[in-house]
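Peer 1: This is a predicted model, with the sequence first.
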Amino acid sequence: MDAQALKQMVATEAVRQVPEGEVLGVGTGSTADCFIDALARVADHLPGAVASSERTAQRLRAAGIRVLDLNEVDHLSLYVDGADEIDHGMSMIKGGGGALTREKIVAATARRFVCIADESKRVARLGRFPLPVEVIPMASAYVMRELGKLGGTPRIRAGFVTDNGNQIIDVAGLSIEDPRALESHIEALVGVVSAGLFAHRGADCLILGTTRGVQIFESTVASKAG
């Protein structure tokens, strides 16, 4: 079974967790795209969705789903998104698609965060996938120097600008032993908008696509939503 089939499998399973009649948040990326495609089949039962990127907003509209501004919504019962990596403690690296800041904002407001991924994304330790960091362009050189002190190799993502008008620095070669501490450290750097570590607000549930079928893992930590 190829990766695309696994993504479609977990997307279909995730739709079963969508509460009828409630607004949900939707992430960004190829797995989230599969979720939107599956969500289109129940679009009539959804009052709308909050998108984590312009790309996701366009795909939701094309699927017949109303796109709402987060500031217009009292709460989100559910946020569904993929991950570039997820560890056994439900911490994630996200931002391969460059939408990490908006993804983090939407995730923070949701009561429940469901991560959908294929089995290649589940790892014992985060860091094999380069860690994205969104940075205000003026601060990029300074932040790269500081990120280099962490033991990885930081590089500006060439030719890429986020929906917020910022740059992405990808930090390769990290072995992340304490995701929460590293998230706090990086986000305290002046000029950093957000780090692609989702540890303080990790996933509440992981729907994992494997060659043996769908596996569902629930977090043992209480919901971290604000």
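Peer 2: Sure, I can see it.

Peer 1: that's a helix at Gly96, yeah?
Peer 2: No. Counting by DSSP: H, G, I helix; E, B strand; the rest coil, Gly96 falls outside a helix, being coil.

Peer 1: Can you check the pLDDT for the residue nearest to it when sequence neighbours are not counted?
Peer 2: Leaving aside its chain neighbours, Gly96 sits nearest to Asp84 (4.5 Å; criterion: Cβ to Cβ, 6 or more residues apart in numbering). In short, each C-beta sits where N, CA and C put it, glycine included. Asp84 carries a pLDDT score of 97 in this model.

Peer 1: again with the one 10 residues further on
Peer 2: On pLDDT, Lys94 comes in at 98.

Peer 1: From Ile156, how far out is it?
Peer 2: Taking Cβ to Cβ, to the nearest Å as the measure, Lys94 and Ile156 are separated by 19 Å.

Peer 1: higher neighbour count, the two?
Peer 2: A count of neighbours by other Cβ atoms under 10 Å puts Lys94 above the other of Lys94 and Ile156, at 29 against 15.

Peer 1: is it true that the more buried one touches Tyr79?
Peer 2: No. Using Cβ atoms under 8 Å, Lys94 is not in contact with Tyr79, being 11.7 Å away.

Peer 1: all helices of this structure, in order?
Peer 2: Ranges of helices in the chain, per DSSP state H, are 3-15, 30-39, 54-62, 100-109, 140-148, 179-187.

Peer 1: Skipping adjacent residues, who's closest to Glu20 in space?
Peer 2: His45 (4.9 Å).

Peer 1: In the protein, what helix or strand scores lowest on average pLDDT?
Peer 2: Least confident helix or strand, the chain: helix 3-15 with a mean of 93, by mean pLDDT, DSSP states H and E.

Peer 1: Wait, Ala3 touches Ala117, no?
Peer 2: No. With contacts counted by Cβ under 8 Å, Ala3 stays clear of Ala117, the gap being 10.2 Å.

Peer 1: And those two? Which one has more around it.
Peer 2: Comparing Ala3 with Ala117 by other Cβ under 10 Å, the one with more neighbours is Ala117, at 24 against 14.

Peer 1: Alright, calling it a day.
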